[in-house]
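K.L.:
can you look at this prediction? I've put the sequence above it.
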Amino acid sequence: MARSTGPSCRLCRRVGEKLFLKGARCLGPKCAVDKRGTPPGMHTLRKRKRKLSDRGLQLREKQKARYIYEVLERQFRRFFKEASKAPGATGETLLQLLERRLDSVVYRLGFAESRAQARQIVHHGHIQVRGRRTDVPSCLVEIGDVISFWEASRDTFFYKALKGNPPSRPVPAWLSLDGDKLEGKVLAMPSRSDIEISINEKAIVEYYAR
């Protein structure tokens, strides 16, 4: 399945809640969920009244996680397979792996307004991990990793504007941020309490268990 290239707001309307895919826009009056509040497509009011089956609810939670983390179905299955082999609760481990993606970490550090923007920043080679430049948004960070901007990217307008405006979102406890250097560090693995997104990970496990 290809990554969605349509309007992000349609994804939020599809699942019936805000997924905060467009940063500050989601908090303002232009948010499509607040303005319209119905799923995209024809006859949406009729569709809204239909009660989802257990399978439908499980699918919706899986899709929510995919949309939030900008992950393809094949990638998501790979993360789930890795989580199912690890010790501990599979659902929590899955979310932990998704949070450790480099694009997600760049977003959590406040270097981008959304994960989509963070993905683009990484893909364009503006980020380095432990002094090594990388353009792979899906690479997983480890404890002790230092995330910063590539030296050549520090002359860009984006970097200079970011340095003059500290992030408005709080940085989670498992990360630290040096605002003067625009440099982050991984202090620990993320726990479930650090992941404030509204996802029922148990439903995702049940979806793949069938």
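P.N.:
That came through, no problem.

K.L.:
longest helix in the chain, please.
P.N.:
Longest helix in the chain, counting residues (DSSP state H): helix 54-69.

K.L.:
and that helix, what does it pack against?
P.N.:
With contacts taken as 3 or more C-beta pairs under 8 Å, 6 or more residues apart in numbering; DSSP states H and E, helix 54-69 sits against helix 8-15, helix 73-85, helix 90-99, helix 201-209. Placement of C-beta: from N, CA and C, glycine included.

K.L.:
6 Å instead?
P.N.:
On a contact count with 3 or more C-beta pairs under 6 Å, 6 or more residues apart in numbering; DSSP states H and E, helix 54-69 meets helix 8-15, helix 201-209.

K.L.:
okay, and residue 160 sits in which element?
P.N.:
Per DSSP states H and E, residue 160 falls inside helix 157-164.

K.L.:
ok, and for that helix, which residues are buried?
P.N.:
Buried residues in helix 157-164, counted by 16 or more other C-beta atoms under 10 Å: 159, 162.

K.L.:
residue ranges with poor pLDDT in this structure?
P.N.:
Where the chain drops to pLDDT under 70, the residues are 1-50.

K.L.:
what's downstream of the helix holding residue 160, the next helix or strand?
P.N.:
Next in sequence after helix 157-164, counting helices and strands by DSSP H and E, comes strand 175-178.

K.L.:
tell me which strands and helices that following strand is in contact with?
P.N.:
Identification of packing neighbours for strand 175-178 by 3+ C-beta pairs under 6 Å, 6+ apart yields strand 183-186.

K.L.:
which elements pack onto the strand it packs on?
P.N.:
Secondary-structure packing of strand 183-186 (3+ C-beta pairs under 6 Å, 6+ apart): strand 146-149, strand 175-178.

K.L.:
name the strands paired with it and say parallel or antiparallel.
P.N.:
Counting by DSSP bridges, the strands paired with strand 183-186 are strand 146-149 (antiparallel), strand 175-178 (antiparallel).

K.L.:
I would like the residues contacting the last one, please.
P.N.:
Identification of contacts with strand 175-178 by C-beta atoms under 6 Å, 6 or more residues apart in numbering yields 108-109, 171, 184-185, 187.
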